[in-house]
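A.B. asks: what's the 3D shape of this:
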Amino acid sequence: MKSRLLATALCTIAATALVPNANDHHVLNTRREVLSRSVSLAAPLVICTQPNSASALEGCGRASHNCIRTTWIAPSSITSPSEAARIIRDVLNTYPQKGQGGVDCNGWRIVKDALESDAGIITLEFKSCVGPAALAINLGQAFIDDLKLEVGKDADGKMKVSVLSKSRMGSSDLFVNRKRLLFLGNQLKEQGWSVPDPKYPYET
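C.D. replies: Numbers count the residues shown, from 1 in each chain. Here you go, the predicted structure:
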């Protein structure tokens with residue numbers, strides 16, 4: 001934690017020194033913005049790790065129907081990132097490889113597990129059932145959704161998990177991301193976690 005805070009402070013100082021207009025604090029949200037901004041400033045690009053109280057996960061589009069961003073809060077008895085990470089892994093392992101609720105029939109896999117690193121993120125891929133939509137627009141191949149979970153702390157110092165579940169293709173996911181998060185969230189609720197009902201951006 002101390003190393004992350006120190007890195008953040010050093011990055012802030014470095015970024016201020018490199019940006020010609022120190023009052024211009026534009027947040028770079030996409031790869032395209034990063035490239036465009038770095039070229040226009042004609043200065044080296046400083047990439048810094050987010051502090052633990054913030055989330056490094058991207059957001060969803062304002063009216064998205066295929067992406068959900070939410071947060072799970074751990075009970076006060078869970079005080080360390082390693083303990084939260086262990087629980088998250090255990091819950092993920094309860095997810096059936098054959099899917100559930102008519103979704104994720106073709107399994108899931110861990111792409112990268114960095115929960116124990118400073119990043120504190122685990123990334124997974126879920127493969128859909130092959131239904132009419134997959135047959136019509138995806139050559140009969142399963143759709144792939146990405147799930148990212150980031151362990152950190154909220155403003156009150158409680159352990160939290162920032163959640164992003166997002167489909168790679170299509171403008172609507174037929175509520176697949178919601179069903180996935182409901183399953184995982186219910187496992188955490190049984191252990192005393194605070195888990196809001198997953199909602200798409202257009203519903204809020």
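A.B. asks: Strands along this structure, start to end?
C.D. replies: Counting by DSSP state E, the segments of the chain that form strands are 67-73, 108-114, 121-127, 144-153, 159-167.
A.B. asks: Just list what the fourth one packs against, helices and strands only.
C.D. replies: So the one you mean is strand 144-153. helix 81-92, strand 121-127, strand 159-167, helix 176-189 (3 or more CB pairs under 8 Å, 6 or more residues apart in numbering; DSSP states H and E). Backbone N, C-alpha and C define where each C-beta goes, glycine included.
A.B. asks: what residue ranges in the chain score low on pLDDT?
C.D. replies: Applying pLDDT under 70 to the chain picks out residues 1-54.
A.B. asks: go with 50
C.D. replies: In the prediction, the chain carries residues with pLDDT under 50 at positions 1-52.
A.B. asks: Near residue 119, how many residues? Count them for me, please.
C.D. replies: 15 (other CB atoms under 10 Å).
A.B. asks: now residue 87
C.D. replies: 19.
A.B. asks: repeat for the one 5 residues further on
C.D. replies: Around residue 92 there are 17 other residues, counting by other CB under 10 Å.
A.B. asks: wait, what's in contact with it?
C.D. replies: By CB atoms under 8 Å, 6 or more residues apart in numbering, the contact set of residue 92 is 110, 122, 124, 184.
A.B. asks: Tabulate the strands of the chain (a markdown table), appending mean neighbour count and distance to residue 58.
C.D. replies: Output for the strands of the chain, formatted as a markdown table (neighbours: other CB atoms under 10 Å; distance: least, CB to CB, whole Å):
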| stretch | mean neighbour count | distance to residue 58 |
| --- | --- | --- |
| strand 67-73 | 20 | 8 |
| strand 108-114 | 13 | 15 |
| strand 121-127 | 19 | 12 |
| strand 144-153 | 21 | 8 |
| strand 159-167 | 23 | 7 |
